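Engineer: Here's my sequence, what's the structure:
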Amino acid sequence: MGSRKLVDRVLNFMGFEEEGPEQVQEDRSQGEKPADPRKKATVVNLHAQRQVRVVVVEPKSYDEAQDIVEHLKNRRPVIVNLEHVDTDVARRIVDFVSGATLAVNGSQQKVGGGIFLFVPNNMDIEGEPAKEPDRGIFPWIKS
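Structural biologist: Sure thing, here's the model as predicted:
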């Protein structure tokens, strides 16, 4: 009989069973307060994720590489478009941002001709880019 009472209390605490009037009376006689019916269930928000903003950058000079890294440090993914940048400057930007991405345990992927995706460690890149003929890291630049 004592174990049944324990099971009833556990079920009541979880919100599966209601206490009958005799149960409430028994609880009061033992000096216990009746359970507050408003505290039977816990509400959990399933949509607790923050909205993620993707930063799109089209740098004109190497000086803007530091701004790209700041976005990564603030846990924002960055798409870098280097199509309109000189080859040497583009290479330096990619090297600098790649090193910073590695330092924050992030990931990177080439998305298209001269377009790169850099993400911090709280995100993963899923999927493979389309296969292009191997013309180096900057295939959009004609030799």
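Engineer: Next, the buried residues of the longest helix seen in the chain.
Structural biologist: In the chain, ranked by residue count with DSSP state H as the criterion, the top helix is helix 87-103. Buried residues in helix 87-103, counted by 16 or more other CB atoms under 10 Å: 89-91, 93-94, 97, 100-101. C-beta coordinates here come from the backbone N, C-alpha and C atoms, glycine included.
Engineer: I'd assumed residue 61 was in contact with residue 84.
Structural biologist: No: judged on CB atoms under 8 Å, residue 84 makes no contact with residue 61 at a distance of 11.5 Å.
Engineer: which secondary element of the protein has the worst mean pLDDT?
Structural biologist: Every helix and strand in the chain was compared by mean pLDDT, DSSP states H and E; the lowest is helix 21-29, with a mean of 53.
Engineer: Could you identify the helix or strand that succeeds that one?
Structural biologist: strand 55-57 (DSSP states H and E).
Engineer: any idea which helix or strand comes after that following strand?
Structural biologist: Sequence-wise, the next helix or strand downstream of strand 55-57 (DSSP H and E) is helix 65-73.
Engineer: Show me the strands paired with the following helix or strand past that next one, marking each as parallel or antiparallel.
Structural biologist: As assigned by DSSP H and E, the chain's next helix or strand after helix 65-73 is strand 78-81. Under the criterion DSSP bridges, strand 78-81 sits next to strand 55-57 (parallel), strand 115-119 (antiparallel) in its sheet.
Engineer: most tightly surrounded among these?
Structural biologist: Comparing the strands paired with strand 78-81 on average neighbours per residue, with mean count of other CB atoms under 10 Å, the densest one is strand 115-119 at a mean of 21.
Engineer: got the angle between it and helix 87-103?
Structural biologist: 20 degrees (axes from the mean of the first three to the mean of the last three CA atoms, to 10 degrees).
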